[in-house]
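Chemist: A predicted structure for the sequence below; I have some questions about it.
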Amino acid sequence: MSFLSKNVIPGNHGKVFGTNATSHQDLIIIQTAVQKIKGVKDAIIKEDVFPREITIHTEAVVSVKEIEDVVIAVGFHAIPKSIFPL
């Protein structure tokens, strides 16, 4: 595993995570929990795809594991998608 696959780095691209949450309320719970992580700038929900996606932008390097743990703590899963779109 590389540095880019283990971390979300600052920048305009962010990192996309797929989640098993389906309702809007559940996605808001995840978004709120993720935005409390130190270094996270914003979390953007994309509801028109399946599985639902959350794009996370950061101001500092944040580990993917930390994001996964926070989402698991609220009862869902967040799985990082590919590093760069093809």
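Modeler: Perfect, thanks for sending it.
Chemist: helices of this structure, residue ranges please.
Modeler: Ranges of helices within the chain are 3-6, 24-35, 64-73, based on DSSP state H.
Chemist: any low-confidence regions in the protein?
Modeler: Applying pLDDT under 70 to the chain flags the ranges 1, 83-86.
Chemist: related to what we said a few turns ago, dump the helices of the chain to TSV, plus mean neighbour count and distance to Val49.
Modeler: (Each C-beta comes from the backbone N, C-alpha and C, glycine too.) What follows is the helices of the chain, written out as TSV (neighbours: other CB atoms under 10 Å; distance: least, CB to CB, whole Å):
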stretch	mean neighbour count	distance to Val49
helix 3-6	11	21
helix 24-35	16	12
helix 64-73	16	17
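Chemist: Pro51: which of those helices is closest?
Modeler: Among the helices of the chain, helix 24-35 comes nearest to Pro51, with 11.0 Å by CB to CB.
Chemist: what helices or strands is that closest one leaning on?
Modeler: With contacts defined as 3 or more CB pairs under 8 Å, 6 or more residues apart in numbering; DSSP states H and E, helix 24-35 has these neighbours: strand 40-46, strand 52-58, helix 64-73.
Chemist: got the contact list for the longest one?
Modeler: By that I understand helix 64-73. 5-8, 15, 17, 19, 30, 33-34, 36-37, 40, 56, 77-80 (CB atoms under 8 Å, 6 or more residues apart in numbering).
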